[in-house]
Every structure is written in C-alpha cells, then in structure tokens.
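*Asks:* Please work out how this folds:
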Amino acid sequence: MLKKWWLGPVMALVCLAVLVAPVHASTDLGNVKRVFYVKVKKPIFTGQYTKINGHRGHRLLTPKGTILRVVAVRHEKGNPSQAILTRGLISYRLRQRIDLGTGEYRVKHFNTTYFKPCHLKLPISEYQFQAGRATINHSAYYKPIFNLTMDGYLQYYTSARLKHAHIQTTWLYGKHPVNGNHNPLSTIKPSVAVKINKTVAKGHHFYLYFRQPVSGLKAKKGHGGYRLLINELKDHTKTWHQKNNFYSLMWRDYHVGGQPFYFLWGAQSNDSGYLK
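*Replies:* A predicted model of the protein is given here:
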C-alpha cells in the first residue's frame, strides 16, 4: 500500500484575517471552505495543561489571539462541525511550561464564537531548515538545523547537539536511524534560541529581525539588532529503487544569509517499513 506523509505549508508568526462571507452571531466553520488556520477569539481549552516539575498540572485555556492549525474538520448535516486543532511547532522554552498532551485536540464546536479563520503572513514558520544540499547518503548527516516556531522563536541546533541526540537529519533519527515525522528534534533544547521581533514576507523573500546574533547564520547587523534574509528557491524530487520498492524525497532549496539550506517537505514509498 502506498504510504505518504507531508509537511505542508504550516507556519506563521503572524496571522491575517480572512475575508469570508458576512458573519452572523455564530457561523459554523465547517461550512467555510479552505480554513487551514484559525485565531482564538476567546480563551478555550484545546488540550493543553500546565507543566510543574515535568508533570502535568491543571487544564490550561488557550489564550485569545493564539494561532492554531486545522488538522481535520468533521461536518455532518444537521450537527455542529467538529475540528482537530494543534498548536504546531512551539519553542522549547514554552514546552517547559505546557504539557501538549497528544499534540492534537478535537473541539466539538468549530464556529466563529471561538475561532476566526485566518491566513498566515509568514509561510515558513514550523519549517525545519537543514544546512547544505539534500542528498540520500551519509554526507547529509548532522548538518546544523534551525526552525521557526509558532510562538515567534528562531531555534538553532549545532552539529554537536544533533550528534548527542542521535538526530541525523530532519527525517532520520535514532541510534539505528529510522525515517518519519516523529523526529524528536522539537523536544530537545536548541543550541541557541532568539526571539523574533519582526518578520516581512515579499514574494519568495523573507526577512527576520532579532536582537541577538545566531552563530552559524549570517545575519546582517544593523541599528538595534540583526536581519536575516531567507530566499526561497526551487523544489526537487529524488526517487530511487531497491529490490521491488521505490523511495522518493521532496524538498525545497533556500539561501539563508547567502548559505545553502533546504526544507524536506515530503516523502513517499511503497515500503510499509520506510516511514515510521
């Protein structure tokens, strides 16, 4: 059976309101097409708890203004729509205070009383960028990685930190490497983390502004801080065969401060053991 996983365009530090049909007292969002992200309008429980000394505490209401990704929507005629929502990639710092549970939560009333549809201003948050060029051999292992979190942090992981955690690439991990979208990268402490103060998106060019330098990234120093330019380049696909199976990787190239990076956004295989 063909097995796939996708890391679609799932990002953003800022959300722009979506212009939908005139909203009355409460609109069922299951009836609104192409709702991929929502902003919380009033505090609501979405599956998170406080974390105290590493243990789960009390239920935590998701604050007003928080951006959530819509994983799936269930709509039945005559009944309120339900949705599965997630906080997405959040910073290690925030993870020390929040127990995310399973990471996803089903809300039973997916409507405009609690949520407002939105588009994302910066479409590259949550992406995992790895230094160098994508390849299927060992030369890609342990190259530095950075990501952009939903709560506005740039997190950078050095080669030494990745080796210590047995994370070879954004899709390979473990002492005996396996593939898949359960990479523990999001759970380990980054080598450097900086708060992003401002972002600007212009076509395929993205500008990030922050106050502290990040060793390993060539950001331009200016008045009051640093500016990092990320240029989006081309998509690529690599397919190879072993015995009776095929394997494919899909990625996009970037220039980050003039340095080559890439984002693996998809994998595909008819080998049931390939993707974990």
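*Asks:* which of the residues in whichever helix in the chain runs longest are buried?
*Replies:* Using DSSP state H to assign secondary structure, the helix with the most residues in the chain is helix 159-164. Neighbour counts using 16 or more other C-beta atoms under 10 Å place 161, 162 of helix 159-164 among the buried residues. The way it works is simple: take the backbone N, C-alpha and C, and place the C-beta from them, glycine included.
*Asks:* cool, stretch 30-43 as well?
*Replies:* For stretch 30-43, by 16+ other C-beta under 10 Å, it's 30, 32, 35, 37, 38, 39, 40.
*Asks:* my guess is residue 186 contacts residue 87, does it?
*Replies:* No. Proximity of residue 186 to residue 87 does not meet the contact threshold set by C-beta atoms under 8 Å, at 11.1 Å.
*Asks:* higher neighbour count, those two?
*Replies:* Remark: of residue 186 and residue 87, residue 87 carries more neighbours, 23 against 20, as counted by other C-beta atoms under 10 Å.
*Asks:* Pull the contacting residues for the more buried one.
*Replies:* Residue 87 makes contacts with 46, 48, 62, 66, 68, 69, 100, 103, 150, as judged by C-beta atoms under 8 Å, 6 or more residues apart in numbering.
*Asks:* Residue 228 now?
*Replies:* 154, 207, 208, 209, 210, 214, 217, 218, 219, 220, 256, 257.
*Asks:* how many neighbours does residue 183 have?
*Replies:* 21.
*Asks:* Find the nearest non-adjacent residue to it, please.
*Replies:* residue 173 (4.9 Å; C-beta to C-beta, 6 or more residues apart in numbering).
*Asks:* Just the buried subset of the contacts of residue 87, written out for PyMOL, thanks.
*Replies:* Selecting only the buried entries of the contacts of residue 87 in PyMOL, with 16+ other C-beta under 10 Å as the criterion:
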select buried, resi 46+48+62+66+68+69+100+150
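*Asks:* So for the contacts of residue 87, which is the shakiest by pLDDT?
*Replies:* Sorting those by pLDDT puts residue 103 at the bottom of the list (84).
*Asks:* Now it. Nearest residue, chain neighbours left out?
*Replies:* Residue 103 sits nearest to residue 86 (C-beta to C-beta, 6+ apart), 5.8 Å away.
*Asks:* Strands of the stretch 1-150 of the chain, residue ranges please.
*Replies:* For the stretch 1-150 of the chain, the strands defined by DSSP state E, counting those that start in this stretch cover 3-6, 15-17, 37-40, 44-52, 55-62, 67-74, 82-86, 98-99, 104-107, 115-120, 128-131, 145-148.
*Asks:* Output the ones you listed in CSV; the columns should cover distance to residue 227.
*Replies:* Compiled in CSV, those are given as follows (distance: least, C-beta to C-beta, whole Å):
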stretch, distance to residue 227
strand 3-6, 31
strand 15-17, 22
strand 37-40, 26
strand 44-52, 33
strand 55-62, 31
strand 67-74, 23
strand 82-86, 30
strand 98-99, 30
strand 104-107, 35
strand 115-120, 21
strand 128-131, 17
strand 145-148, 15
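*Asks:* Tell me which of those lies nearest to residue 252.
*Replies:* strand 128-131 (9.7 Å; C-beta to C-beta).
*Asks:* which other helices and strands contact that closest one?
*Replies:* Helices and strands touching strand 128-131, as assessed by 3 or more C-beta pairs under 8 Å, 6 or more residues apart in numbering; DSSP states H and E, comprise strand 145-148, strand 259-269.
*Asks:* per-domain residue ranges of this protein.
*Replies:* According to automatic domain parsing, the chain comprises the domains 3-120, 128-269.
*Asks:* just to revisit the earlier point, tell me the most buried of the strands of the stretch 1-150 of the chain?
*Replies:* strand 145-148 (a mean of 24; mean count of other C-beta atoms under 10 Å).
*Asks:* In PDB, list the C-alpha atoms belonging to that strand.
*Replies:* Below are the C-alpha coordinates for strand 145-148, written out as PDB (Å, rounded to 0.1, in the frame of the first residue of the first chain):
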ATOM      1  CA  ILE A 145      19.300  22.700  11.600                       C
ATOM      2  CA  PHE A 146      17.100  25.700  12.500                       C
ATOM      3  CA  ASN A 147      13.400  26.200  12.700                       C
ATOM      4  CA  LEU A 148      10.900  29.000  13.300                       C
END
